[in-house]
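Participant: Sequence unavailable; structure follows:
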């Protein structure tokens, strides 16, 4: 017998047997391939359960985040297909609620003593300009002075307005004019002549833009107010003071 040849054949057979032992059969390979897919399906199902729980407690923000995660990470899963049925509406509702809350949060309502009487105010700052240049729009009811609407800069310099002036104003894209006057007492304010008409207009508006000129170098400003969150019920009425 040729011994070297025999050893070569034996070695080749041994290698083949080793590979045969390491290579799974068709029946064994299928479960191994299915394992990761099943694990992902289980994960997606758990996240779907959390998505449902968030909807039950009314947390649209977290539900939207969870829903997007399911669709992104498990796009071919049954969970993703189910989420896609409700996610657009949930996200739309969340965005609308968030915007509503943002607009409502721009207003500040206060009732406080004021020069021998009581005043109730609803105040909003200009969205543009912001920072040190922002200007307040104030709706005020006072027990002695009645109702007013005015702009207040709060700085050392007021507005340019000789006697009566008409402020170019845009209300939800429509041009109009608002008559105003500077108070004789010298406060950095502009009083709106027809406060009742202005407030009635404001209650129906979403955005009001008012052009003004400041005394400081006659700087021109375009004041933008996002008034859509105004709540008339939060602007309290005050009783008129009794005459002595």
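Facilitator: Everything's here; your move. Computed from a predicted model, the values in this text were never measured in an experiment. Residues are numbered from 1 along each chain as shown.
Participant: hey, let's count contacts and neighbours off CA atoms from now on
Facilitator: Noted.
Participant: In this structure, where is pLDDT below threshold?
Facilitator: Scanning the chain for pLDDT under 70 picks out 1-35, 156, 241-244.
Participant: ok, 80 please
Facilitator: For the chain, residues meeting the criterion pLDDT under 80 lie at 1-35, 37, 115-116, 155-157, 163, 217, 240-244.
Participant: Quick check: phi and psi on the closest residue to residue 207 other than its chain neighbours?
Facilitator: If you skip the residues right next to it in sequence, residue 207 has residue 226 as its closest partner in space, 4.6 Å away by C-alpha to C-alpha, 6 or more residues apart in numbering. Residue 226 has phi and psi values of phi -90, psi 90 when expressed as degrees, to the nearest 10.
Participant: likewise the one 4 residues further on?
Facilitator: With angles defined as degrees, to the nearest 10, residue 230 sits at phi -60, psi 130.
Participant: Would you agree it is in contact with residue 203?
Facilitator: Yes. Using C-alpha atoms under 8 Å as the test, residue 230 is close enough to residue 203 to be in contact (6.8 Å).
Participant: between the two, which one's more packed in?
Facilitator: For residue 230 versus residue 203, the count of surrounding residues by other C-alpha atoms under 10 Å is larger for residue 230: 24 against 14.
Participant: and the residue nearest to residue 207, what is it in contact with?
Facilitator: Going by C-alpha atoms under 8 Å, 6 or more residues apart in numbering, residue 226 touches 103, 106, 126, 127, 206, 207, 208.
Participant: Of these, which belong to strands?
Facilitator: Using DSSP state E, the members of the contacts of residue 226 that fall within strands are 207, 208.
Participant: Show me which of the contacts of residue 226 is closest to residue 155.
Facilitator: Each of the contacts of residue 226 was scored against residue 155 by C-alpha to C-alpha, and residue 126 proved nearest at 14.5 Å.
Participant: list the contacts for the closest one?
Facilitator: Counting by C-alpha under 8 Å, 6+ apart, residue 126 touches 134, 135, 136, 137, 223, 224, 225, 226.
Participant: Just put those in a markdown table and tack on secondary structure and distance to residue 158.
Facilitator: Putting the contacts of residue 126 into a markdown table (DSSP: H, G, I helix; E, B strand; the rest coil; distance: C-alpha to C-alpha, whole Å) gives the following:
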| residue | secondary structure | distance to residue 158 |
| --- | --- | --- |
| 134 | coil | 13 |
| 135 | coil | 11 |
| 136 | strand | 12 |
| 137 | strand | 14 |
| 223 | strand | 14 |
| 224 | strand | 18 |
| 225 | strand | 19 |
| 226 | strand | 22 |
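Participant: Can you add distance to residue 90 and give these back as a markdown table?
Facilitator: Conversion of the contacts of residue 126 to a markdown table gives the following (distance: C-alpha to C-alpha, whole Å):
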| residue | distance to residue 90 |
| --- | --- |
| 134 | 35 |
| 135 | 36 |
| 136 | 35 |
| 137 | 35 |
| 223 | 34 |
| 224 | 31 |
| 225 | 29 |
| 226 | 25 |
